[in-house]
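Novice: Any chance you can model this:
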Amino acid sequence: MFNDIGPLELVTIVVLAVLVFGPDKLPKVIQDVMRTVRKIREFSESAKADIRSELGPEFKDFEFEDLNPKTFIRKQLDNDELGLKEIRNGFDLKKEMAEVTDAVHSRDTDAAVSGSSASAISSGSGSSGDGRIDMTKKPEEPAKDDRPPYDADAT
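Specialist: Purely as a prediction, here's the structure:
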């Protein structure tokens with residue numbers, strides 16, 4: 001319940017409590033708050049017991065924490081009946097990227113070796129002088145009669 005309260009926030013709450021209630025009323029206020037928290041806990045436990053007894057024996061293993069979507073999903077994915085961990089572990093992005101870069105670098109060296117002989121044969125072709133293929137996209141010039149693209153939602 002109070003897992004996300006830091007020490008500085010706790011000190012701030014204590015200082016505010018002392019300022020608001022005063023040092024003489026503070027012990028009684030703390031007792032009243034603790035009594036209220038205990039009553040709320042007892043009420044929620046009795047409500048859980050009533051719900052479990054009314055649901056019947058089929059739901060004996062029912063956990064109220066499963067009603068939280070994050071807990072439910074985490075519990076279902078930890079069962080791993082679908083083999084999701086195998087898929088997650090089988091996909092290694094660094095390995096895939098290393099293979100792609102190796103393929104690109106080997107293609108560049110192959111293109112440079114074959115490109116030097118090809119550039120001697122066809123020096124007037126569309127490739128650059130170092131044997132690399134120019135793969136950049138050339139910007140298209142719109143026709144003079146064409147209107148520029150307009151997005152009504154962007155304005």
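Novice: Work out for me the element residue 10 sits within.
Specialist: Following DSSP states H and E, one finds residue 10 within helix 7-55.
Novice: quick check: mean pLDDT across that helix?
Specialist: When pLDDT is averaged along helix 7-55, the result is 91.
Novice: could you point out which element follows it?
Specialist: Helix 7-55 is succeeded, C-terminally, by helix 69-79 (DSSP H and E).
Novice: Dump the C-alpha coordinates for that following helix into PDB.
Specialist: Once side chains and other backbone atoms are set aside, the C-alpha atoms of helix 69-79 remain, and they are given as PDB (Å, rounded to 0.1, in the frame of the first residue of the first chain):
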ATOM      1  CA  PRO A  69      -4.800  -6.800 -14.700                       C
ATOM      2  CA  LYS A  70      -1.000  -6.500 -14.300                       C
ATOM      3  CA  THR A  71      -0.900  -9.300 -11.800                       C
ATOM      4  CA  PHE A  72      -3.200 -11.500 -13.900                       C
ATOM      5  CA  ILE A  73      -1.100 -11.000 -17.000                       C
ATOM      6  CA  ARG A  74       2.100 -11.600 -15.200                       C
ATOM      7  CA  LYS A  75       0.800 -14.800 -13.700                       C
ATOM      8  CA  GLN A  76      -0.500 -16.100 -17.000                       C
ATOM      9  CA  LEU A  77       2.700 -15.300 -18.800                       C
ATOM     10  CA  ASP A  78       4.800 -17.000 -16.100                       C
ATOM     11  CA  ASN A  79       3.000 -20.300 -16.800                       C
END
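Novice: and that helix, what other elements does it pack with?
Specialist: Secondary-structure packing of helix 69-79 (3 or more C-beta pairs under 8 Å, 6 or more residues apart in numbering; DSSP states H and E): no helix or strand packs against it. Any C-beta I mention is one placed from the backbone N, CA and C, and that applies to glycine too.
Novice: List the buried residues of that helix.
Specialist: Neighbour-count burial for helix 69-79 flags no residue at all (criterion: 16 or more other C-beta atoms under 10 Å).
Novice: With stretch 37-49 instead?
Specialist: Buried positions in stretch 37-49, judged by neighbour count with 16+ other C-beta under 10 Å: none.
Novice: What are the contacting residues of it?
Specialist: Counting contacts by C-beta atoms under 8 Å, 6 or more residues apart in numbering, the residues outside stretch 37-49 that touch it are residue 64.
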